[in-house]
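S.K.: Requesting a structural model of the entry that follows:
(3 chains)
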Amino acid sequence: MTPFTENVIHIIRSIPEGKVMTYGQIAALAGSPRAARQVVRVLHSMSRKYKLPWHRVINSQGKIALSDDESYHEQLFSLESEGVEIGLNGVIDLKKYQFNPEE
DNA sequence: GCCATGGCTAGTA
DNA sequence: GCCATGGCTAGTA
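M.R.: Numbering: from 1, shown residues only, chains lettered A, B, ... in the order given. So this is what the prediction gives:
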């Protein structure tokens, strides 16, 4: 496993309940600002094995990125049950819910 | 080495 | 357009 991948895993693991992070944000913290899609790959291949809180990762618009209907709703439900509010337009208020480790 | 993959993203002819 | 991976292939040894 490469350092980048390890970083990504650690970062995702560090997201507290009720908070979210962005693909790009995670990539940047892991040391490669434009590697957002690699974060996606990590999520795909390692979520289960490393028990990652995959549902706490959303896109920069503050939206759930999953296209599959069932997965989308699973993520929606997981977030709501942690207290994250999702607007009718499907948007999560990043100002309110985004996790910033560097604080 | 090449190439597809992929739940993206900044910036805007 | 970006770019880190994994899988696969041609082409050497």
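S.K.: Skipping its backbone neighbours, what lies nearest A:Pro3 in space?
M.R.: With C-beta to C-beta, 6 or more residues apart in numbering as the criterion, A:Pro3 has its nearest non-adjacent residue at 7.6 Å, and that residue is A:Gly31. Where you see a C-beta, it was placed from the backbone N, CA and C, and this is true even at glycine.
S.K.: where are the low-confidence patches of chain A?
M.R.: Residue ranges of chain A with pLDDT under 70: A:103.
S.K.: Tell me where it has strands.
M.R.: Using DSSP state E, the strands of chain A run over A:21-22, A:57-58.
S.K.: right, so the ones you listed: which one is the most enclosed?
M.R.: By mean neighbour count, with neighbours taken as mean count of other C-beta atoms under 10 Å, strand A:57-58 ranks first of the strands of chain A at a mean of 24.
S.K.: Quick check: the gap between A:Ala30 and DNA strand C.
M.R.: Distance from A:Ala30 to DNA strand C, counting by C-beta to the nearest atom of the strand, to the nearest Å: 9 Å.
S.K.: same thing with A:Leu66?
M.R.: For A:Leu66, the distance to DNA strand C equals 17 Å [C-beta to the nearest atom of the strand].
S.K.: again, but for A:Asn7
M.R.: In terms of C-beta to the nearest atom of the strand, A:Asn7 sits 9 Å off from DNA strand C.
S.K.: With that, I have no additional questions.
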